[in-house]
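*Asks:* let me see the structure of the following:
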Amino acid sequence: MVVERSAVAEFTERLLARVQRLRLGDGLDPATDVGPIINQRQLHRIHGYTEAGQQEAARLLDRAGRSPPDGARGGRTLLPSHALHR
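*Replies:* Numbers count the residues shown, from 1 in each chain. Model (predicted):
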C-alpha cells in the first residue's frame, strides 16, 4: 500500500488501532476477523515475507505471532505484521 508522506503518521496510528481490534478464531465463525493459516508450509511462507521486508530496510511496527485461541485449528492463527518501508 502506498501512503502519502504527510499522512503516514496518522494512517499508521489508525491502522494499528484497527488491527488491535481484530478477532482471532475459527474461520467459520462469522465473528472472526482472522482465521487459521491453512498449513505449516503457508505459515513459513508468511514468516518469510516478514523477514524479507526487514532485510530490505522495512521497520516492523508490530510483530506477527502465533496465537492459539479457542477454535483456531492446530494453533496456526497468525497475528498480522505491519512494516513501514520508506
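*Asks:* what's the local residue count around Arg18?
*Replies:* As a burial measure, Arg18 scores 10 neighbours (other C-beta atoms under 10 Å). Where you see a C-beta, it was placed from the backbone N, CA and C, and this is true even at glycine.
*Asks:* now do the host helix or strand of it: which elements does it pack against?
*Replies:* Using DSSP states H and E, Arg18 falls within helix 8-20. Judged by 3 or more C-beta pairs under 8 Å, 6 or more residues apart in numbering; DSSP states H and E, helix 8-20 is in contact with strand 59-62, strand 82-84.
*Asks:* what's the average pLDDT for the longest one?
*Replies:* What that stands for is strand 59-62. Strand 59-62 carries an average pLDDT of 73.
*Asks:* tell me the strands beside that strand, with direction?
*Replies:* Here strand 59-62 has these sheet partners by DSSP bridges: strand 82-84 (antiparallel).
*Asks:* any stretches of the chain with poor pLDDT?
*Replies:* 62-86 (pLDDT under 70).
*Asks:* which phi and psi values does Leu24 adopt?
*Replies:* Leu24 adopts backbone torsions of phi -90, psi 150, taken as degrees, to the nearest 10.
*Asks:* surely it touches Ala31?
*Replies:* No. If you go by C-beta atoms under 8 Å, Leu24 and Ala31 don't touch, sitting 10.6 Å apart.
*Asks:* so those two - more neighbours on which side?
*Replies:* The residue with more neighbours, out of Leu24 and Ala31, is Leu24; 20 against 7, by other C-beta under 10 Å.
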